[in-house]
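Enquirer: Sequence first, predicted coordinates after that:
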Amino acid sequence: MGTAILTSIFTSGLVSSLWNSNCRSFGTPVALARTLASSNVFSRRHKRVVWCSNNPTFTRELTASSDSANTSSVNGYPEYHRLLPCPSQNGPPRVEHLVVSEGGCVLDYISKALDLPPLFVADLIHFGAVYYALVCPEPPPSATPEQVRLFKEVTAPSVLRKRPSIKGKTIREAQKTFRITDVNEFVEAGTYLRVHVHPKRFPRCYEIDWKSRIIAVTESYVVLDKPAGTSVGGTTDNIEESCATFATRALGLTTPLRTTHQIDNCTEGCVVLARTKEYCSVFHGKIREKKVKKLYRALAAAPMPIGIVTHYMRPVNIAPRLISEDFIKGWYLCQLEVLECKEVPWPSTLIEEKYCIEDRGWPLKNSAFKCKINLLTGRTHQIRAQLAACGAPIVGDSMYMPAAIAEITSPGLNPFGKYKKKYTTENDRETAVAEWIAQHGKEPGVAIGLQACQISWDDGEHFYKAGSPWWT
């Protein structure tokens, strides 16, 4: 057959769940993109098959916003040049799935197959936005019969037996995806490629004086006061624009710093970056043994009671994170301790504009509440979700504040909240959960009122504090 190009543009959440990378963990998943776009373009040389959502309202002609690309009137895609300079805003996602028909250099193949400039493809590889698997993973349930036929054709036993690269491997092992790191890497016929043509960008990385954000440097680790609007270790499609990369350069280190733990992109404060693989493992062990203590400053929209707050988080690795006041079997325990809560002025309009704080319609903006929080369990979005569930969402939290407002306005809307309703059927309950998820907004663009203000381990032998938060 000719070159089979399996083309799909998913939300980043779908990409991570359907086409998961087993190469390296970057913790917090890519911020959710709420727009799903696809192309209906066909070329004479390459057969394109679009995999998209079953919901037709999410399918549309792709356009992209980029300071370094102009929209082409030929096919609706941007005219690509280079990934730098960094655009001020992220465009819609574009993820291409290809099956190599003829072995050769990966850069040349992608450039020709997707009609992209070689330098742009080289940038994508440098950013970590290109993955491969020896064998094409199974297509999603929404795949058409033609897409399934193509998959079966390239994974037929008679075809796979002729490929020495997968000898001794199970199909599952051969379908594991790994990041392409060399522009000259050879890819053989039948290899699966996933290309994130529009990686998530972090323009804040280029605005920061990174040396001024270094709290401590030791032989084993570096402590960084992470700026809001940045990723600690990178995302699935961008490991270049990360705190680890920029801190490494600021310090002039020859060995890249390693991520030991995560805080959300929109959160600022203390993070520990390991200088060696060995210390990275050591610190992970300290986290598992609960020897690492973290304190947070939160700027809440309403007061929080002093003491321990307990919820249970749904074991689904997709934002928004749903939590329940009542115990539910299989859900994760979430506990934090509010040590103090003081009334302070709401941030001025000037400060909100400087840090891109989003106005989500909170009705009372005379006062905010500065909380000091001891995080007892470390779940993703835990503080944000718990404070919102208590009716005190974090200032600027565009994901959880809308849901908190909705529950205050219409008590009982939250199927896991204090005023939850009783449902007669499972279908009614699932509908209520879906409606509750829909009340949440998008992930914040830059900052929210949350700072990891202090980190310590080994009973305080190692103790570090962040600088003043953005709202002071």
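Expert: On my side now, so go ahead. What you see is a predicted model, and the numbers here were worked out from it, not measured in a lab.

Enquirer: Which neighbouring elements make contact with the lengthiest strand in the chain?
Expert: Scanning the chain for the strand with the most residues, using DSSP state E, yields strand 332-345. With contacts taken as 3 or more CB pairs under 8 Å, 6 or more residues apart in numbering; DSSP states H and E, strand 332-345 sits against strand 292-300, strand 307-313, strand 367-375, helix 382-389. No exception for glycine: its C-beta is placed from N, CA and C like everyone else's.

Enquirer: starting at the chain centroid, how far to the last one?
Expert: Computed by CA atoms, centre = their mean, to the nearest Å, the separation of helix 382-389 from the middle of its chain amounts to 19 Å.

Enquirer: Could I get the average pLDDT for stretch 446-459?
Expert: For stretch 446-459, mean pLDDT rounds to 96.

Enquirer: What residues sit buried inside it?
Expert: Of the residues in stretch 446-459, V446, A447, I448, G449, L450, Q451, A452, C453, Q454, I455, S456, W457 count as buried by neighbour count, 16 or more other CB atoms under 10 Å.

Enquirer: and if you look at stretch 310-318?
Expert: Neighbour counts using 16+ other CB under 10 Å place H311, Y312, M313, R314 of stretch 310-318 among the buried residues.

Enquirer: Show me what Y192 bridges to in the sheet.
Expert: With DSSP bridges as the criterion, Y192 is bridged to V99, A133.

Enquirer: Do I have it right that it meets P139?
Expert: No - Y192 is beyond contact range of P139, at 10.9 Å (criterion: CB atoms under 8 Å).

Enquirer: Settle it for me: which of these two has more neighbours?
Expert: It is Y192, of Y192 and P139, that has more neighbours when counted by other CB atoms under 10 Å, with 24 against 20.

Enquirer: dump the residue contacts of the more buried one.
Expert: Y192 makes contact with H97, L98, V99, V100, Y132, A133, L134, V135, C136, P137, Q175, T177 under the criterion CB atoms under 8 Å, 6 or more residues apart in numbering.

Enquirer: could you redo the last one with a cut-off of 6 Å?
Expert: Y192 sits next to V99, A133, C136 when contact means CB atoms under 6 Å, 6 or more residues apart in numbering.

Enquirer: do the same with R213
Expert: When contacts are counted by CB under 6 Å, 6+ apart, R213 touches L224, D225.

Enquirer: Report pLDDT for it.
Expert: Note for R213: predicted pLDDT of 98.

Enquirer: Check the one 4 residues further on too.
Expert: As summarised for this prediction, V217 has a pLDDT of 98.

Enquirer: can you pull up the bridge partners for it?
Expert: Note on V217: beta-bridge partners by DSSP bridges are V222.

Enquirer: Tell me where the model's unsure across this protein.
Expert: Applying pLDDT under 70 to the chain picks out residues 1-76.

Enquirer: The most far-flung residue of it relative to its centre in helix, strand or coil?
Expert: When each C-alpha in the chain is compared with the mean C-alpha position (CA atoms, centre = their mean), S158 comes out farthest, at 38.6 Å. Applying DSSP: H, G, I helix; E, B strand; the rest coil to S158 yields a three-state assignment of helix.

Enquirer: Next one: it from H97, what distance?
Expert: 23 Å (CB to CB, to the nearest Å).

Enquirer: same thing with P141?
Expert: For P141 relative to H97 (CB to CB), the value is 15 Å.

Enquirer: Please identify which of those two sits among more neighbours.
Expert: Counted by other CB under 10 Å, P141 and H97 do not tie: H97 has more neighbours, with 25 against 7.

Enquirer: pretty sure that one is in a helix, no?
Expert: No - using three-state DSSP, the assignment for H97 is strand, not a helix.

Enquirer: Now do the helices in the stretch 201-350 of the chain.
Expert: For the stretch 201-350 of the chain, applying DSSP state H, counting those that start in this stretch gives helices covering 243-250, 277-288, 349-354.

Enquirer: can the ones you listed go into CSV with extra columns for distance to Y419 and mean neighbour count?
Expert: As requested, the helices of the stretch 201-350 of the chain are exported to CSV (distance: least, CB to CB, whole Å; neighbours: other CB atoms under 10 Å):
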stretch, distance to Y419, mean neighbour count
helix 243-250, 40, 20
helix 277-288, 36, 14
helix 349-354, 31, 12
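
Enquirer: Tell me which of these sits nearest to G378.
Expert: With CB to CB as the criterion, G378 lies closest to helix 277-288 of the helices of the stretch 201-350 of the chain, at 7.7 Å.

Enquirer: still on that earlier bit, of the contacts of Y192, which is the nearest to Q382?
Expert: Ranked by distance to Q382 (CB to CB), those are led by A133 at 33.3 Å.

Enquirer: Measure how buried the closest one is and give me the count.
Expert: Neighbours of A133 under the rule other CB under 10 Å: 19.

Enquirer: Distance of it relative to I448?
Expert: For A133, the distance to I448 (CB to CB) stands at 36 Å.

Enquirer: Would you mind measuring from the residue nearest to D458 when sequence neighbours are not counted to I373?
Expert: Spatially, and ignoring its direct neighbours in sequence, D458 is nearest to K291 (6.2 Å; CB to CB, 6 or more residues apart in numbering). For K291, the distance to I373 (CB to CB) stands at 19 Å.
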